[in-house]
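Colleague: compute the structure for the input listed below.
(2 chains)
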Amino acid sequence: QKEVEQDPGPLSVPEGAIVSLNCTYSNSAFQYFMWYRQYSRKGPELLMYTYSSGNKEDGRFTAQVDKSSKYISLFIRDSQPSDSATYLCASLKYPGGNQFYFGTGTSLTVIP
Amino acid sequence: KAGVTQTPRYLIKTRGQQVTLSCSPISGHRSVSWYQQTPGQGLQFLFEYFSETQRNKGNFPGRFSGRQFSNSRSEMNVSTLELGDSALYLCASSRVVGTEQETQYFGPGTRLLVL
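Modeller: Residues are numbered from 1 along each chain as shown, chains lettered A, B, ... in the order given. Got it, this is the predicted structure:
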């Protein structure tokens, strides 16, 4: 079993829709959770990170962690065509973690 | 603050050759990790360096090696290139506070094509 599992999609939504991207993880020692956005032929760009449980909001993006079910989510409100990219979730053990574990990425297309 | 930089951005090599890729981390970041990304496999962890020491290594053959210099800059080397080594090679850096690593920031990658 991989440390972090992510549905690869692809996911296609109309502009303005709410998008929900999800990952599950297996190691209860994971405390840091990150979401990256990667455009085609570019490096991943850090979108948001959260520590432990709860929600974190940044503009149209909300990251949510449910440690009881080992589930991490990224919600995108009012999705835009410019949100079309691959989204990667990642986790890090704390304390003592020095290797990041990534999901395989979900490909998202927002149709105008 | 400048981001993570990687050179070269694109590279074409032939089977059997070797290649060296370079990464300059964000200023103040002492941890550097390398990843291989291919369409079928996603992001695969190669290794992580901190204070010139390799702390972690992924499941790659010995043809893949790396090092880190005292200024935190890092290089990775692939010897005896194979067709399957064609990929985007990504470097990521992170700050280390005490002994704890903070989140990673990626460079643009080096796209390697092996013919």
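
Colleague: in the chain, which spans are strands?
Modeller: Using chain A. A:4-6, A:11-14, A:19-25, A:30-38, A:45-51, A:54-58, A:61-66, A:71-76, A:85-93, A:101-102, A:106-111 (DSSP state E).

Colleague: wait, chain B
Modeller: Going by DSSP E, chain B shows strands at B:5-7, B:10-13, B:19-24, B:31-38, B:42-50, B:53-57, B:64-68, B:74-78, B:87-97, B:100-106, B:110-114.

Colleague: surely B:L21 meets B:E75?
Modeller: Yes. Taking Cβ atoms under 8 Å as the definition, B:L21 is a contact partner of B:E75 at 6.6 Å. Where C-beta positions appear, they are placed from N, C-alpha and C, glycine not excepted.

Colleague: give me the more crowded residue out of the two.
Modeller: B:L21 (21 against 17; other Cβ atoms under 10 Å in any protein chain shown).

Colleague: hang on, the earlier thing: quick check: which of the strands of chain B is nearest to A:L108?
Modeller: strand B:42-50 (15.4 Å; Cβ to Cβ).

Colleague: that closest one versus strand B:64-68: what angle between them?
Modeller: 40 degrees (axes from the mean of the first three to the mean of the last three Cα atoms, to 10 degrees).

Colleague: what packs against strand B:42-50?
Modeller: strand A:101-102, strand B:31-38, strand B:53-57, strand B:64-68, strand B:74-78 (3 or more Cβ pairs under 8 Å, 6 or more residues apart in numbering or on different chains; DSSP states H and E).

Colleague: mind listing the strands the first one pairs with, and their directions?
Modeller: Translated: strand A:101-102. strand A:85-93 (antiparallel) (DSSP bridges).

Colleague: and the contacts of the partner strand?
Modeller: A:3-4, A:6, A:21, A:23, A:25, A:27, A:29-40, A:44, A:47, A:72, A:74, A:99-108, B:43, B:101, B:103-104 (Cβ atoms under 8 Å, 6 or more residues apart in numbering or on different chains).

Colleague: cool, and stretch B:50-67?
Modeller: Residues contacting stretch B:50-67 (Cβ under 8 Å, 6+ apart): A:98-99, B:30-34, B:36, B:44-49, B:68-70, B:74-80, B:96.

Colleague: end to end on stretch B:39-58, go ahead and measure it.
Modeller: 18 Å (Cα to Cα, to the nearest Å).

Colleague: let me fix that: stretch B:82-101
Modeller: 33 Å.
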